[in-house]
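>>> No sequence on hand, only this structure:
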């Protein structure tokens, strides 16, 4: 593919800036198509411009259609169909044999289906990723968000490295089409929680690194559900004071769980998790031996895994918040019933007194 000349580049940027609804998601999909249009032989500039606009409309109207290596060819054919009003099928046979447009984003390095954009001080995700990449590294940048649908068409992606950025959350469904993703590194970010909508359906993941997210205090119980192949979960140096065992109970392949560096509160609420850990992954490599209790004061600094059933013996006789709420509710109901009973007794006594007095007056 030849390089675009100056006038063609000006037009592409004009198309990107002036077309209604242009998004960061649509542009990396349509830019290779526009380049192929300008390389298409025998087309006048006005026809090329019309085809580019129509191809762009095709991708914005169908943002979730990805047919692997045929995607750009289909969009190009669709632009031809909308421009000339001719059937789509003949152009598909012609264009399927054309090589998929492959390029490397600006500032990134690319080789053997690997795209490395690490340490480039990026404030936004790079555009124009090759569709067949296996490894994408965006580490050590200044990313604060990932556009929804950014990875929708990169179905061959195996490794995604997003560590050391400023991400506070991920868009729902980011991994929707990533059936082959095995490694996800989100360490050293600003995540506050990890929800099921953010992570599903990344069921092929083998390793997840969520360490060094100091504001991360919660993982929803259904977040990791269905990840039957997950072997390594790293939660070190985050903000966890507790963790529900329900987060882990659907992970039959789990052999490494990193828990150190968190402010664990080793109260009665911790007992179910420790009991599950002992019963469920006994004999496996557990990277949680260095985890220590941060509270209450009497067990501060005590290794988490050294706590036994004897450590929680007092919990059998202690009251939980639910217990206190139930007692308060019962007390409130009893007090209301007591007031109502006294009121009824007072009315009854008053009626009896009046009736007795009336009877005495009649006798007189």
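Done, it's in. Values in this document were obtained by computation on a predicted structure and should not be read as measured data.
>>> Count the neighbours of residue 252 for me.
Look at residue 252: counted by other C-beta atoms under 10 Å, it has 11 neighbours. The way it works is simple: take the backbone N, C-alpha and C, and place the C-beta from them, glycine included.
>>> and if you look at residue 121?
8.
>>> Look up how far residue 208 lies from it.
For residue 121, the distance to residue 208 equals 26 Å [C-beta to C-beta, to the nearest Å].
>>> ok, now residue 262?
For residue 262, the distance to residue 208 equals 16 Å [C-beta to C-beta].
>>> residues in contact with the helix or strand harbouring residue 279?
For residue 279, the host element (DSSP states H and E) is helix 271-280. Helix 271-280 has contacts (C-beta atoms under 8 Å, 6 or more residues apart in numbering) with 242-245, 248-249, 257, 286, 288, 304-305, 307, 309, 312, 315.
>>> my read: residue 138 touches residue 161, true?
Yes: using C-beta atoms under 8 Å, residue 138 makes contact with residue 161 at a distance of 6.5 Å.
>>> Which one's more surrounded, the two?
Neighbours were counted for residue 138 and for residue 161 using other C-beta under 10 Å; residue 138 has more, 25 against 20.
>>> and that one, what does it touch?
Contacts for residue 138 (C-beta under 8 Å, 6+ apart) come out as 117, 118, 122, 125, 126, 161, 162, 165.
>>> what's the spacing between it and residue 228?
Counting by C-beta to C-beta - residue 138 and residue 228 are separated by 27 Å.
>>> Residue 153 now?
Distance, residue 153 to residue 228, using C-beta to C-beta: 26 Å.
>>> Look at the two and report which has more neighbours.
Counted by other C-beta under 10 Å, residue 153 and residue 228 do not tie: residue 153 has more neighbours, with 22 against 12.
>>> Might one say that the more buried one is in contact with residue 133?
No: using C-beta under 8 Å, residue 153 is not in contact with residue 133, being 10.5 Å away.
>>> Helices along the stretch 251-364 of the chain, start to end?
271-280, 321-363 (DSSP state H, counting those that start in this stretch).
>>> which parts of the first one are buried?
Which is helix 271-280. By neighbour count on 16 or more other C-beta atoms under 10 Å, the buried set for helix 271-280 is 271, 273, 274, 277.
>>> how about low-confidence regions in the stretch 151-300 of the chain?
Along the stretch 151-300 of the chain, segments meeting pLDDT under 70 span 281-289.
>>> is it possible to export the contacts of residue 138 to JSON lines including distance to residue 222?
Shown next, in JSON lines, are the contacts of residue 138 (distance: C-beta to C-beta, whole Å):
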{"residue": "117", "distance to residue 222": "32"}
{"residue": "118", "distance to residue 222": "32"}
{"residue": "122", "distance to residue 222": "32"}
{"residue": "125", "distance to residue 222": "27"}
{"residue": "126", "distance to residue 222": "32"}
{"residue": "161", "distance to residue 222": "25"}
{"residue": "162", "distance to residue 222": "22"}
{"residue": "165", "distance to residue 222": "26"}
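>>> Who wins on neighbours among these?
Ranked by neighbour count (other C-beta under 10 Å), the contacts of residue 138 have residue 117 at the top, with 24 neighbours.
>>> pLDDT value on it, please?
pLDDT for residue 117: 96.
>>> Now do the contacts for it.
Applying C-beta under 8 Å, 6+ apart to residue 117 gives the contacts 105, 107, 108, 109, 126, 136, 137, 138, 141.
>>> From those, keep the buried residues only.
For the contacts of residue 117, a burial check counting by 16+ other C-beta under 10 Å picks out 105, 108, 126, 136, 137, 138, 141.
>>> Just put these in a markdown table and tack on distance to residue 189.
Formatted as a markdown table, these follow (distance: C-beta to C-beta, whole Å):
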| residue | distance to residue 189 |
| --- | --- |
| 105 | 21 |
| 108 | 20 |
| 126 | 18 |
| 136 | 16 |
| 137 | 15 |
| 138 | 11 |
| 141 | 11 |
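>>> From these, which land in helices?
Secondary structure from DSSP state H places none of the buried ones among the contacts of residue 117 in helices.
>>> Sort out for me which of these are in strands.
136, 137 (DSSP state E).
>>> any idea where the strands of the protein begin and end?
According to DSSP E, the chain carries its strands in the segments 109-111, 114-116, 135-137, 159-161, 183-185, 193-194, 207-209, 218-219, 232-234, 256-258, 264-265, 293-295.
>>> Nearest to residue 336, out of these?
strand 264-265 (36.2 Å; C-beta to C-beta).
>>> Can you name every helix or strand that the closest one contacts?
Judged by 3 or more C-beta pairs under 8 Å, 6 or more residues apart in numbering; DSSP states H and E, strand 264-265 is in contact with strand 293-295.
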